[in-house]
Structures are given as structure tokens and as C-alpha cells.
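K.L.:
fold the following and give me the result.
(chains A and B)
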Amino acid sequence: MADEALFLLLHNEMVAGLYRAAEQGEGENGRCTTKLESMGFRVGQGLIERFTKDTARFKDELDIMKFICKDFWTTVFKKQIDNLRTNHQGIYVLQDNKFRLLTQMSAGKQYLEHAPKYLAFTCGLIRGGLSNLGIKSIVTAEVSSMPACKYFSGYLVISSF
Amino acid sequence: MSRTPGRKQDSHKISRELFVLTYGALVAQLCKDYEKDEDVNSCLDKMGYGIGIRLIDDFLAHSDVKRCRSYSETADMIAQVAFKMYLGVTPTVSCSSAAGNEFSLILDKNPLVDFVEELPAERASLCYCNLLCGVIRGALEMVHLAAEVTFLQDRLKGDAVTEIGITFLRKAEDKKAKKK
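P.N.:
Reported below is the predicted structural model:
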């Protein structure tokens, strides 16, 4: 309960601080999202290691994605992912109808253009978690109406025969 | 997946680890962006200030504390209630001035540095936990108590303990008078 506020505030300050520095500095706006995503990646890697210390081995990729949607999301954001869809060919769509990092911001279309900044860290978090579970992926996010958002996770399939 | 009995404790622990890991990633990123330690320190302090001015609302909402009547009560409140609530540790408070407005909080266990072994050699004067100073300063300012908060000792720099010094400056008495 109390921890949630701390992480939420830290995350908001991080986003604000990075963008403020970018405005005053060299004006590398695109880099801010990359920086946030790479921070999330590092955190995701570390977190998933500590989280899955005692869990059983995952059967397949779908099992891993279900783990991310249920246990991982519940621990980090105190709720489960509302909808998981897949095309069974490596693309997964995770939908959260009340994303914790956006609920305090607005409930509709206001400030929609600022929403992506607040999703970059979480994209990295998912990518980092998957990476340490052995899955290379690209994670992107989309917001059509706050506070619902969708995460798209796709695999880079590296196959060798 | 079957739920083991200690799951709630685990999730609480993981939540805290999320915060600690995120903080570590933030400091690492700031070290990449800024060359000078003072810049990183002041950036952390500013961010902490921004967090503190909002965290105080959360703190007052979640804890049923009465109004503090003296500086020492305030310092005790910070150490025994706030630190316990957010970081799970209780620093010891000691008053270090005859005037009664300088206090120090001694932390023998600092959760923020759980995953930090040592500071890199080229970052010798980095105050890793400077965010905490900003948070305390911001939170106190929102309850009309101006204070200066700094790190007096830091375990990461080789001292025995981590010590945060809070110096309460003059109370904003004119503000209070205007309110009445």
C-alpha cells in the first residue's frame, strides 16, 4: 500500500526529470523514451530473477506470458492484466483497463499525448523480464483512452537448424 | 500456479525491491548523463523534493498521527512512523544541539543500498541516497517546517553508519499569523 505510492511518485519524478533535462539541454527528446525503456529493462531483469527464484520451470512461452500477466503484474501493479490475446505466432497483446501509472492522470482523452512517456519504463520492465526468462522480444505500448493501455510484445525469432 | 502461504510477504518484499532497483537504475542513468557528482546529487535532491511534497499527503492519509508539538516529536515521527511505513526500517533519533533544532537519524540498515556493493572510484563524492534528503525536506516544507537535510555520514563512503542530519530552520511564523 505505502510502497505503491513511493514507486508511483518516483516513476513520475523520473519521467518529469528526464524530460526537463532534455528540454534544457541538447534537446534530444527521442532519447528520453529510450533512456526510460533501458532503465525499465535493467529493473525488469533484476526483478524477474528475484521473483522466479522459487517458482517451477515454465512449460512454454504462453506459460511465461500468463505468469507476466498474473503474478508479475499483480506484484508490481497490484492487479492482473485484464486481457491477454495472442496470434500463436509470437505476438501477444496485454491489455490493462486501469493502468496504475495512468489512473492518477486522467480518465479519458485529456493529456493523451503525454501518456506514452509514462509507459516507456513499463515496456522496458516487461522486455527485461522476458529477456531473463530467455525470450528476446520487442515491447511497445499504445493508449487510446486513459487509463486503459495495451502492451504489444513480439518475438524476434532466432532459429538455427 | 499454487499459492504458497508466504506469498503476501513475498509480494510486499518484491514491491520494495522494485523501488530499490528502480532507484538504482535512476542513479546509474544520472551518472551517465552528468559528469560531476554535485550535479547528480542536486538532481537527486530536486527529485526527492518533488516526491516529498506529494508523499506527505499519502503519509498523513495512511497514518493516524496527531499534530507534532515540537521539533523532537517531528523527528521521532519521521524516524518511527514514516521510515517504518515506507522503507521498513526505524532509524534512531538523537538531538545534536542545545537549541533543540538539530537532529540526526542514524540508519544501521539502509534498504536503498541493498544491491549496492560500493561506489565506483570516480564517483567518490556521490551521495547515493540523496533522494531521501529531498523527500524529507519537501515533506517538512508542506507542513510549514523549513529544514535543511543532509547526509552527515554514509556507509557507502566508508563511515560506520549512515547518518542523516535534519536542521530545523525558523518556523514560518508569519504564515501562521496570516492564517489566523
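K.L.:
burial of residue B:142, as a residue count?
P.N.:
By other C-beta atoms under 10 Å in any protein chain shown, 15 other residues sit near residue B:142. Yep, even glycine has a C-beta here, placed from its N, CA and C like the rest.
K.L.:
OK, contacts around it?
P.N.:
Neighbour list for residue B:142: B:52, B:53, B:56, B:57 [criterion: C-beta atoms under 8 Å, 6 or more residues apart in numbering or on different chains].
K.L.:
host element of residue 47?
P.N.:
All of this refers to chain A. Under the criterion of DSSP states H and E, residue A:47 resides in helix A:29-51.
K.L.:
wait, chain B was what I had in mind.
P.N.:
For residue B:47, the secondary-structure element it belongs to, assigned by DSSP H and E, is helix B:37-62.
K.L.:
and the next helix or strand after that helix, which residues are buried?
P.N.:
The C-terminal neighbour of helix B:37-62 among helices and strands, as given by DSSP H and E, is helix B:71-77. When burial is assessed from 16 or more other C-beta atoms under 10 Å in any protein chain shown, helix B:71-77 yields the following buried residues: B:71, B:72, B:74, B:75, B:77.
K.L.:
so the second one touches residue B:97, yeah?
P.N.:
No - the pair residue B:72 / residue B:97 is not scored as a contact, 11.1 Å apart, by C-beta atoms under 8 Å.
K.L.:
the chain: strands as residue ranges?
P.N.:
Let's take chain A. A:83-86, A:91-96, A:137-145, A:148-155 (DSSP state E).
K.L.:
nope, chain B please
P.N.:
In chain B, the segments counted as strands under DSSP E are B:92-95, B:102-107, B:147-153, B:162-168.
K.L.:
spit out the contact partners of the spatially closest residue to residue B:141 that is not a sequence neighbour.
P.N.:
For residue B:141, the nearest residue in space outside its immediate sequence neighbours is residue B:53; the separation is 6.8 Å by C-beta to C-beta, 6 or more residues apart in numbering or on different chains. Going by C-beta under 8 Å, 6+ apart, residue B:53 touches B:138, B:139, B:141, B:142.
K.L.:
what distance do you get for the last one to chain A?
P.N.:
Relative to chain A, residue B:142 is positioned 13 Å away (C-beta to the nearest C-beta, to the nearest Å).
K.L.:
local confidence estimate at that residue?
P.N.:
Model confidence at residue B:142, given as pLDDT, is 92.
K.L.:
same check on the first one?
P.N.:
Residue B:138 carries a pLDDT score of 94 in this model.
K.L.:
what's the burial count for the residue nearest to it when sequence neighbours are not counted?
P.N.:
Nearest-residue entry for residue B:138: residue B:52, 2.5 Å, with adjacent residues in sequence omitted and distances by C-beta to C-beta, 6+ apart. The local packing count at residue B:52 equals 24, with neighbours defined by other C-beta under 10 Å.
K.L.:
and if you look at residue B:163?
P.N.:
Using other C-beta under 10 Å, residue B:163 is surrounded by 20 other residues.
K.L.:
any regions of the chain where pLDDT drops low?
P.N.:
Since no chain was named, I'll use chain A. By pLDDT under 70, the low-scoring segments of chain A are A:1-3, A:25-30, A:154-161.
K.L.:
nope, chain B please
P.N.:
When the per-residue scores of chain B are filtered using pLDDT under 70, the ranges that remain are B:1-9, B:171-180.
K.L.:
quick revisit: select only the buried ones of the contacts of residue B:53 in ChimeraX?
P.N.:
Typed into ChimeraX, the next command selects the buried ones out of the contacts of residue B:53 (criterion: 16+ other C-beta under 10 Å):
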select /B:138,139,141
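K.L.:
chain A: which of the contacts of residue B:53 is nearest?
P.N.:
When the contacts of residue B:53 are compared for distance to chain A (C-beta to the nearest C-beta), residue B:138 comes out closest, at 10.4 Å.
K.L.:
got a list of what that closest one touches?
P.N.:
Taking C-beta under 8 Å, 6+ apart, one finds B:48, B:49, B:50, B:51, B:52, B:53, B:55, B:56 in contact with residue B:138.
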